[in-house]
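Asks: Sharing a sequence plus its predicted fold:
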Amino acid sequence: MTFSAKLWNVSFPWVVYNSSGPRCTTLDELKALWNSESSAILMKSCSPLPRDGNPEPRYKEVELGSINSIGLANHGYKKYLEYAAELKSEFPDKPISVSIVGFCPEDFIELVEAFQNDENVDILEINLSCPNVVWKPQIAYDFEASDELLSKIFAVPGSKPIGFKLPPYFDPVHTEMMANILKKYPVNFITCINSVGNTLIIDPETESPLIAPKWWLGWLGGDYVKPVALANVRMFYKLLGESVTIIGCGGIKSGVDVFEHLLAWASLVQLGTVLWKEDVACFERINKEFEEYMSMKWYTSLNQVIWKLKEL
Ligand code: DHB
């Protein structure tokens, strides 16, 4: 049995799709996502102008996850408008989501306007946790700036679902501060979490850090971050209630991990590190494992899982 999902008015054939980051920058990568069992196509975070990103080495895999400091390498939003048109004409049935970043509020507004007015894009995910840009804090850690930015974004006319990719919060006071801002606006969804920022992995054999940019600090994903992601999904559900859909992201590499994110109250989930490691074949494997786990538990509907965490 397969399990489909909805994000407002947009239907997803499965609950699992890609996160913005791995293998979603070029048109070929986006086409590979369409040809896979990814439930949607989410494109790499794009900025007003193309960017080469940070110098190499900027991505490394380790046993328990991955570290990266790509630096928002992307083709610029005008190319992603072209890609969306080409993808929709070839593959009309899969939802297309963009991921938007900017370096000032005007950048965000320009991109939100462009994508709201584009017939091929279904969902707007706005990256408030965009890292790796030299010495600027993540917007979502600056509550005043976040509030001001959301007020500008929601002043742009448009009817597409809008959501925010959030960084992990490590203190419930901060989670609550962000939840209180989100509650002021018609936010459709949040994606919890972006990778954990500013971490250092050292290879003892080479006696060297794994990546070069920004004092060798990078964004951490994979097994390391799953408990942080689950805590953020659960805390935001507690604070926001059912009005905001939560997309779980962080440390998902098996069907059981999907199940845990749904128990915490995610309605859909995204894959990051595992997609980098295994390429698009991971979707079929993880969908199958999830379906098998559900049938082992005799569950036939997602409603038997989401909302059903047995609290102690
Ligand atoms: C990059 C962007 C992200 O949102 C992230 O979580 C990690 C890396 C980047 O392009 O550098």
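Replies: Perfect, thanks for sending it. Numbering: from 1, shown residues only.
Asks: low-scoring pLDDT stretches of this protein, where are they?
Replies: 131-136 (pLDDT under 70).
Asks: The ligand contacts on that one?
Replies: Applying C-beta under 6 Å from any ligand atom, we find that the chain lies next to the ligand at 21, 45, 68-72, 127, 129-132, 194-195, 219. Every C-beta, even on glycine, is put in place using the N, C-alpha and C of the backbone.
Asks: In contact with residue 299, which residues?
Replies: residue 305 (C-beta atoms under 8 Å, 6 or more residues apart in numbering).
Asks: now it: how far from residue 311?
Replies: 19 Å (C-beta to C-beta, to the nearest Å).
Asks: on that earlier part again, among the residues of the chain next to the ligand, which are in helices?
Replies: Using DSSP state H to define helices, no part of the residues of the chain next to the ligand is located there.
Asks: Break down this protein into its helices, ranges please.
Replies: Using DSSP H, helices in the chain cover 27-34, 77-90, 105-116, 143-153, 172-182, 226-240, 255-264, 273-278, 281-296.
Asks: Return the longest one as PDB; C-alpha atoms alone will do.
Replies: C-alpha atoms of helix 281-296 as PDB (Å, rounded to 0.1, in the frame of the first residue of the first chain):
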ATOM      1  CA  ALA A 281      17.500   5.200  -5.800                       C
ATOM      2  CA  CYS A 282      17.100   6.000  -2.100                       C
ATOM      3  CA  PHE A 283      13.500   7.100  -2.700                       C
ATOM      4  CA  GLU A 284      12.300   3.800  -3.900                       C
ATOM      5  CA  ARG A 285      14.100   1.900  -1.100                       C
ATOM      6  CA  ILE A 286      12.800   4.200   1.700                       C
ATOM      7  CA  ASN A 287       9.200   4.300   0.300                       C
ATOM      8  CA  LYS A 288       9.300   0.500   0.300                       C
ATOM      9  CA  GLU A 289      10.800   0.200   3.800                       C
ATOM     10  CA  PHE A 290       8.200   2.700   5.100                       C
ATOM     11  CA  GLU A 291       5.300   0.700   3.500                       C
ATOM     12  CA  GLU A 292       6.700  -2.500   4.900                       C
ATOM     13  CA  TYR A 293       7.000  -1.000   8.400                       C
ATOM     14  CA  MET A 294       3.400   0.300   8.300                       C
ATOM     15  CA  SER A 295       2.000  -3.100   7.200                       C
ATOM     16  CA  MET A 296       4.100  -4.800   9.900                       C
END
